[in-house]
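**Q** compute the structure for the input listed below.
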Amino acid sequence: MKNTDKKEIILDATNKSYGRLASLVAILLQGKDSPNFAPNVLSNNVVIITNIEKLKFTGNKEKDKKYYRHSGYIGNLKEMTLEEKFSKNPEKFFKDTVKGMLPRNKLNSLRLKQLIIK
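**A** This next block holds a predicted model:
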């Protein structure tokens, strides 16, 4: 018998550290906070995050950390700072970070659907 009761966890991101919040969300989505944890079972946690724009980054990461992408053509290396990438789309940036912290298996996309950013 499956337990279909969803447990909503609401987190406020105001003045929270970016990496610490992302790792907490990854743990909650996997269900590792539950005594009934099993790696092959989808947890019943739904994580809702508010005020994602007010996250803080420690140190000089906003200016110094760079993200690169390349199209494959000569001279087409694009570069963005963390500040530019985060201000462009903070929801997608945070979801990509959490996705990288989740295990790569069939439950990955189902777990990401349980992450709601408002």
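**Q** show me the residue at the heart of the chain, geometrically.
**A** Among the residues of the chain, the one closest to the centroid is Val98, at 2.7 Å (C-alpha atoms, centre = their mean).
**Q** pretty sure it is in a helix, no?
**A** Yes - remark: Val98 belongs to a helix, assigned using DSSP: H, G, I helix; E, B strand; the rest coil.
**Q** what sits against it?
**A** Under the criterion of C-beta atoms under 8 Å, 6 or more residues apart in numbering, the neighbours of Val98 are Ala22, Val25, Ala26, Leu29, Leu112, Leu115. C-beta: built from backbone N, CA, C; applies to glycine.
**Q** save these as a markdown table, and put in distance to Gly59 too.
**A** Output for those, formatted as a markdown table (distance: C-beta to C-beta, whole Å):
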| residue | distance to Gly59 |
| --- | --- |
| Ala22 | 16 |
| Val25 | 21 |
| Ala26 | 22 |
| Leu29 | 27 |
| Leu112 | 28 |
| Leu115 | 26 |
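**Q** buried subset of the residues you listed, written for ChimeraX?
**A** Remark: buried members of the contacts of Val98, expressed as a ChimeraX selection using 16 or more other C-beta atoms under 10 Å:
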select :22,25,26,29,115
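**Q** so which of the contacts of Val98 sit within strands?
**A** Under the assignment DSSP state E, those contribute Leu115 to strands.
**Q** of all the contacts of Val98, which two lie farthest apart?
**A** For the contacts of Val98, the maximum inter-member distance is 12.5 Å, found between Ala22 and Leu112 (C-beta to C-beta).
**Q** so where's the protein uncertain?
**A** Applying pLDDT under 70 to the chain flags the ranges 1-4.
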